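S.K.: Next input, structure requested:
(chains A and B)
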There are 2 protein chains.
Amino acid sequence: MSDVADASTPQRVCFLMQVKSERVAEYLTVHEDIWPDMLEALRETGWTNFSLFLRRRDGLVVGYVETADYALATSAMARREVNTRWQRTMAEYFVEGRPDEDVDVLEEYFHLP
Amino acid sequence: MSDVADASTPQRVCFLMQVKSERVAEYLTVHEDIWPDMLEALRETGWTNFSLFLRRRDGLVVGYVETADYALATSAMARREVNTRWQRTMAEYFVEGRPDEDVDVLEEYFHLP
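M.R.: As a prediction, this is how the structure comes out:
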């Protein structure tokens, strides 16, 4: 695929998002049935070993993903029409509106293979 | 090794810790030179693909690890003498004292292989 970088040297990326604490239960329910074309777009743009974790008491979300080039993977997703629709649907659950446009990316300082 | 679970079905675990914001720089320096016997103990007790990420502005730490059985991996580490020494050295950097005894484990609600 033309919008995917070489996968031989993956980056490990961790990012944070904030779900509205009063919408957590509903937000989880939506994630039991993610659109197949959204999953396919993630796969096609190089998102691998991608997990989302939640701190239920306050809605803090941690994302972890392995990808060849995170900047490329996010910009490739941003160009997908299904992502625009998905993020629009998700916006109401997040404190900051569209989470894909304003995530807090952390700095990896330790890794043990 | 007797204290390691079967690695065929790994768990993905995400946990949070809080470094004192005024000690972040020093805490990072310590992690440039982690004791080799501490790394060896982690490997021997089943900690794989283990990353630590930092939000530098406030010292929030996110840990991500893949292991066959997180409860087993943590209890096996707790029995290692090198871990006791390491955690004692780390305690001064953390808001809650010894971080290995009081981490905030999150709930995985999404995974894309």
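S.K.: Pull the contacting residues for A:Gly59.
M.R.: Neighbouring residues of A:Gly59 by CB atoms under 8 Å, 6 or more residues apart in numbering or on different chains: A:18-21, A:23-24, A:27, A:95. In short, each C-beta sits where N, CA and C put it, glycine included.
S.K.: now the helices: where do they sit in chain A?
M.R.: Under the criterion DSSP state H, helices of chain A are mapped to A:24-30, A:36-44, A:70-78, A:81-90.
S.K.: To A:Arg56, which of the ones you listed lies closest?
M.R.: Each of the helices of chain A has some distance to A:Arg56 by CB to CB; the shortest is helix A:24-30, at 5.9 Å.
S.K.: Could you give me the buried positions within the closest one?
M.R.: A:24, A:27-28 (16 or more other CB atoms under 10 Å in any protein chain shown).
S.K.: Point out the most buried one among the helices of chain A.
M.R.: Highest mean neighbour count among these (mean count of other CB atoms under 10 Å in any protein chain shown): helix A:70-78, with a mean of 18.
S.K.: my read: A:Gln11 touches A:Asp69, true?
M.R.: Yes - A:Gln11 lies in contact with A:Asp69 (CB atoms under 8 Å); the separation is 6.7 Å.
S.K.: need the residues of chain A near chain B, please.
M.R.: A:12, A:14, A:16, A:28, A:31, A:34, A:39, A:42-43, A:47-56, A:60, A:62, A:64, A:104, A:106-113 (CB under 8 Å from any CB of the partner chain).
S.K.: repeat that for 6 Å
M.R.: A:12, A:14, A:28, A:31, A:42, A:50-55, A:62, A:64, A:106-112 (CB under 6 Å from any CB of the partner chain).
S.K.: What about those residues, which are in strands?
M.R.: Assigned to strands by DSSP state E, the following of those qualify: A:12, A:14, A:50-55, A:62, A:64, A:107-112.
S.K.: I'd like to know which of these are buried.
M.R.: A:12, A:14, A:50-55, A:62, A:64, A:110.
S.K.: Adding pLDDT, write these out as CSV.
M.R.: Output for these, formatted as CSV (pLDDT from 0 to 100):
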residue, pLDDT
A:Arg12, 97
A:Cys14, 97
A:Phe50, 97
A:Ser51, 97
A:Leu52, 97
A:Phe53, 98
A:Leu54, 96
A:Arg55, 94
A:Val62, 97
A:Tyr64, 98
A:Phe110, 96
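S.K.: from memory A:Asn49 sits against A:Glu66, does it?
M.R.: Yes - using CB atoms under 6 Å, A:Asn49 is in contact with A:Glu66, at 4.4 Å.
S.K.: rewinding a little: tabulate the buried ones among the ones in strands among the residues of chain A next to chain B (a markdown table), appending distance to A:Thr74.
M.R.: A markdown table is the format used below for these (distance: CB to CB, whole Å):
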| residue | distance to A:Thr74 |
| --- | --- |
| A:Arg12 | 15 |
| A:Cys14 | 14 |
| A:Phe50 | 12 |
| A:Ser51 | 16 |
| A:Leu52 | 15 |
| A:Phe53 | 19 |
| A:Leu54 | 21 |
| A:Arg55 | 23 |
| A:Val62 | 16 |
| A:Tyr64 | 14 |
| A:Phe110 | 24 |
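S.K.: That concludes my questions; thank you for your assistance.
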